[in-house]
Every structure is written in structure tokens, then in C-alpha cells.
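Participant: Could you work out the structure for the sequence below:
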Amino acid sequence: MKKFAKIMALMLVVAMGVAMLVACAPASDPEKALSALKENGYTAIKDTRGIPAALLLLGVNGVECVVSGTNGTEGKEGHVTIVYFSSKDAANSAWESVQKYAKSEDKESEDSDWEIKKSGKMIYWGDSNGIKSAR
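Facilitator: Sure, this is the predicted structure:
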């Protein structure tokens, strides 16, 4: 019985760890991310033409749309940008270029909690408040 309890406890820890990793990223559906940002008081937009075209000029292919949101409310400040790609391979090949661009957006702040991450078919960056609000 003790062996069974240990195995069950280990399985529970693994399941919770996986759930925590999945919960870190913004919504994988652009409409859901846009809606979540607006519900959390963010000024948010979804762009399917302008920013994807600009990224194409920079050599970033396969961009379907970009969702971006900013909140300037005192104590709730936050920003997030999410680039949705047509495939996971497109996101993987664009990772270095987008990462360099995202780092340039945060150059004025040395001690921020700015994050740049890739999850499936999306690359996102921003501070922790913005990323949480896009879930």
C-alpha cells in the first residue's frame, strides 16, 4: 500500500508540474487573448496586415497575426505582444529574429520582469502582468 501511495503522489506532482507549465503562456487563440486583455483593462489590438508585413520585410515568415496590449493604470501597468505563426516550424525558424526585436523593445529598463518566450505556434514577450492578462 505504501508503494502505491508513493506512485500516486509522484503522478500527482508530475501532473501539477505539467499544468503549471501550460498555464504560463498566453491563450493560443488570438481572439481569446484579445478578449482576455480587454477584460483585464488593457488597450489591445489584433493586427493581421501591418505588423505581419513589417516582420516579413525583416525576414520573419509565416506570421498570421499579432496581438498586442498595454495597460497604463497605476499599479496594474503591463504590456504583452503575441506573434501567432502559421506553424510551429515557422515559429522555430523566426525565434532568433523575433527575440532580437523583442529585446530591443525593453532596452530602457534594466530591472524589469520582461520575458521573451516561445510556445507552440506563438512567440510572446512582455512583462509578467501583461502575459498573465492574456491567458
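
Participant: Give me the residue ranges of this protein where confidence is low.
Facilitator: 1, 4-25, 106-112 (pLDDT under 70).

Participant: mind listing the strands for it?
Facilitator: Under the criterion DSSP state E, the chain carries strands at the ranges 43-47, 63-71, 78-85, 115-119, 122-126.

Participant: Redo those strands as CSV? Include distance to Ser93 and mean neighbour count.
Facilitator: (Each C-beta comes from the backbone N, C-alpha and C, glycine too.) What follows is the strands of the chain, written out as CSV (distance: least, C-beta to C-beta, whole Å; neighbours: other C-beta atoms under 10 Å):
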stretch, distance to Ser93, mean neighbour count
strand 43-47, 21, 16
strand 63-71, 12, 21
strand 78-85, 9, 24
strand 115-119, 11, 17
strand 122-126, 11, 25
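
Participant: Redo those strands as CSV? Include distance to Lys103.
Facilitator: Below are the strands of the chain laid out as CSV (distance: least, C-beta to C-beta, whole Å):
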stretch, distance to Lys103
strand 43-47, 21
strand 63-71, 16
strand 78-85, 12
strand 115-119, 7
strand 122-126, 8
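
Participant: Out of the ones you listed, which is closest to Asn92?
Facilitator: When the strands of the chain are compared by C-beta to C-beta, strand 115-119 sits nearest Asn92, at 7.5 Å.

Participant: how distant is that closest one from the center of its chain?
Facilitator: When distances are taken as C-alpha atoms, centre = their mean, to the nearest Å, strand 115-119 is centred 6 Å away from the chain's centroid.
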